[in-house]
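Trainee: got a sequence here, can you model it:
(one chain, ligands or ions: 1)
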Amino acid sequence: MEINGQNVFITGSTRGIGLAMAKAFAKKGANIVLNGRKPVSDTLIDEIKSYGVQCIGISGDIADFNQAGEMLKQAQTQLGAISILINNAGITNDKLLLRMSAQDFEEVLKINLTGAFNMTQQVLKPMLKARAGKIINISSVSGLMGNAGQANYAASKAGLVGFTKSVAREVAQRGITCNAIAPGFIQTDMTEVLADKLKEEVTKSIPLQRFGKAEEVAQAAIFLAENDYITGQVINVDGGLVMHG
Ligand code: NAI
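Mentor: Presented below is the predicted three-dimensional model:
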């Protein structure tokens, strides 16, 4: 798909990987919907507009089906049909399973996995009609290899992989692709909170010996949006941490 002129909705795009993707798509000439739970700042909107594209900020909680639908409606009214959806918003709430409450588990699943369902289910109709569209889900290496202290997060991210493959099969005949990106350790607010010692240990275990940059994840999203013959795949952007057999 030619990205120039498309309308892209990126959930959780007020910072980190989501914001890096917003900039990368804007550079390619796409109009951007920035989204976060809190209102999106005018400074951020102006920054994206400086690439010569339209940009709107729509705040709301993707974990709520009705709010997700309302946000999509608002975006479509202001920009036109959304042709690229990136399900990026996600949270962590790490603790060992024995200390994890049902609420700790459910909250992470509700945002990371149900949130992607809420958005995808409601963005599809116009894509099906147009016989074109791209859905990109941001999973994680945790969902592929597991991670102690992240049973909730890993379950949500593994769930996204199954979701991606199923949706890909359902919509392929209509020319829509659905893929996932599994980032490894990327420098953002989410990983900033990790203890320095853990960061050092993790770095040693990464073949490329460093954390990734949000821009490097954004590059993969651009690649998946531009390609029309890749679907149902998980692309790792992880410095070689997980290597598929
Ligand atoms: P971040 O914490 O910096 O940003 C998350 C964004 O999601 C924020 O804009 C926040 O407002 C938004 N958000 C959270 N809950 C929301 C909700 N219910 N509704 C709407 N927006 C919501 O996170 P980061 O690091 O940029 O991660 C982005 C995605 O990449 C997440 O899905 C994360 O799980 C995934 N990821 C990140 C990795 C990393 O090392 N940073 C590694 C693997 C995956």
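Trainee: from here on, contacts and neighbour counts on C-alpha atoms
Mentor: Fine.
Trainee: roughly how far apart are residue 71 and residue 35?
Mentor: According to Cα to Cα, to the nearest Å, residue 71 stands 9 Å off from residue 35.
Trainee: more neighbours, those two?
Mentor: More crowded of residue 71 and residue 35, by other Cα atoms under 10 Å: residue 35, with 27 against 21.
Trainee: wait, that one touches residue 14, no?
Mentor: Yes - in this structure, residue 35 is within contact of residue 14 by Cα atoms under 8 Å, at 6.3 Å.
Trainee: contact partners for the most centrally placed residue in the chain?
Mentor: With distances taken as Cα atoms, centre = their mean, residue 88 lies nearest the centre of the chain, 2.0 Å away. Shown in contact with residue 88 (Cα atoms under 8 Å, 6 or more residues apart in numbering): 10-13, 17-18, 137-138.
Trainee: how about the residues of this protein near the ligand?
Mentor: 11-18, 36-37, 60-63, 88-91, 111, 138-140, 183-191 (Cα under 6 Å from any ligand atom).
Trainee: ChimeraX command for the buried members of those residues?
Mentor: To isolate the buried members of these in ChimeraX, using 16 or more other Cα atoms under 10 Å:
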select :11,12,13,14,15,16,17,18,36,60,61,62,63,88,89,90,111,138,139,140,183,184,185,186,187
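Trainee: out of the residues of the chain next to the ligand, which are inside helices?
Mentor: In helices, defined here by DSSP state H, the members of the residues of the chain next to the ligand are 16-18, 189-191.
Trainee: pull the most distant pair out of the contacts of residue 88.
Mentor: Using Cα to Cα, the contacts of residue 88 span at most 13.3 Å, a distance reached by 13 and 137.
Trainee: ranges for the strands of the protein?
Mentor: In the chain, the strands defined using DSSP state E lie at 7-10, 31-36, 55-59, 84-87, 133-138, 176-183, 234-237.
Trainee: in JSON lines, list those along with mean pLDDT.
Mentor: Shown next, in JSON lines, are those (pLDDT from 0 to 100):
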{"stretch": "strand 7-10", "mean pLDDT": "98"}
{"stretch": "strand 31-36", "mean pLDDT": "98"}
{"stretch": "strand 55-59", "mean pLDDT": "98"}
{"stretch": "strand 84-87", "mean pLDDT": "98"}
{"stretch": "strand 133-138", "mean pLDDT": "98"}
{"stretch": "strand 176-183", "mean pLDDT": "98"}
{"stretch": "strand 234-237", "mean pLDDT": "98"}
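Trainee: least confident secondary structure element in this protein?
Mentor: Ranked by mean pLDDT, DSSP states H and E, the weakest helix or strand in the chain is helix 189-192, scoring a mean of 92.
Trainee: which one is residue 75 nearest to, not counting chain neighbours?
Mentor: residue 33 (7.0 Å; Cα to Cα, 6 or more residues apart in numbering).
Trainee: contacts only, for that neighbour.
Mentor: So residue 33 contacts 7-10, 55-58, 75 (Cα under 8 Å, 6+ apart).
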